[in-house]
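Enquirer: coords please:
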Amino acid sequence: MTLALLERFEKYDDEFLDFSKVKSPVSTRPDLCAFLILDTLCSSHQDIIAGAEHDEIYLGIDCEALQTKITDEQIRDLVRCGVSFNEALDSLVLHI
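Expert: Here you go, the predicted model:
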């Protein structure tokens, strides 16, 4: 099922890290904006950061649950904030 989520993220590859296009961001910081968007969709008592390596932060988000709630506009804004979907890890990744 997360294959569909991958395809939805890939649709916006040309928007990657183009934060200036986010209309009415919830924060002026791209990383915080992404975290806040995700928290409104999949709130949890766990840390949102599940791990980090080099210039990637792995996000502790239930992608199955996210897929049922997130709109394409929210995906586009996440991509603009630097978030992508890593198919191999079945996880969201924030690129810094």
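Enquirer: and stretch 31-48, what's its mean pLDDT?
Expert: For stretch 31-48, mean pLDDT is 96.
Enquirer: How about it, which residues are buried there?
Expert: 31, 33-38, 41-42, 48 (16 or more other CB atoms under 10 Å). For glycine as for every other residue, the C-beta is placed from the backbone atoms N, C-alpha and C.
Enquirer: Closest one to Glu73 out of those, please.
Expert: For the buried residues of stretch 31-48, the closest approach to Glu73 (CB to CB) belongs to Ile37, at 10.3 Å.
Enquirer: The closest one: which element?
Expert: Per DSSP states H and E: Ile37 is located in helix 30-41.
Enquirer: can you pull the alpha-carbon coordinates of that helix into CSV?
Expert: Provided in CSV are the C-alpha atoms of helix 30-41 (Å, rounded to 0.1, in the frame of the first residue of the first chain):
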residue,chain,number,x,y,z
PRO,A,30,11.4,24.1,6.6
ASP,A,31,12.2,21.3,8.9
LEU,A,32,9.9,22.5,11.7
CYS,A,33,7.2,23.1,9.1
ALA,A,34,7.5,19.5,8.0
PHE,A,35,7.4,18.2,11.5
LEU,A,36,4.3,20.2,12.4
ILE,A,37,2.4,19.1,9.2
LEU,A,38,3.2,15.5,10.0
ASP,A,39,2.2,15.9,13.7
THR,A,40,-1.2,17.2,12.7
LEU,A,41,-1.7,14.2,10.5
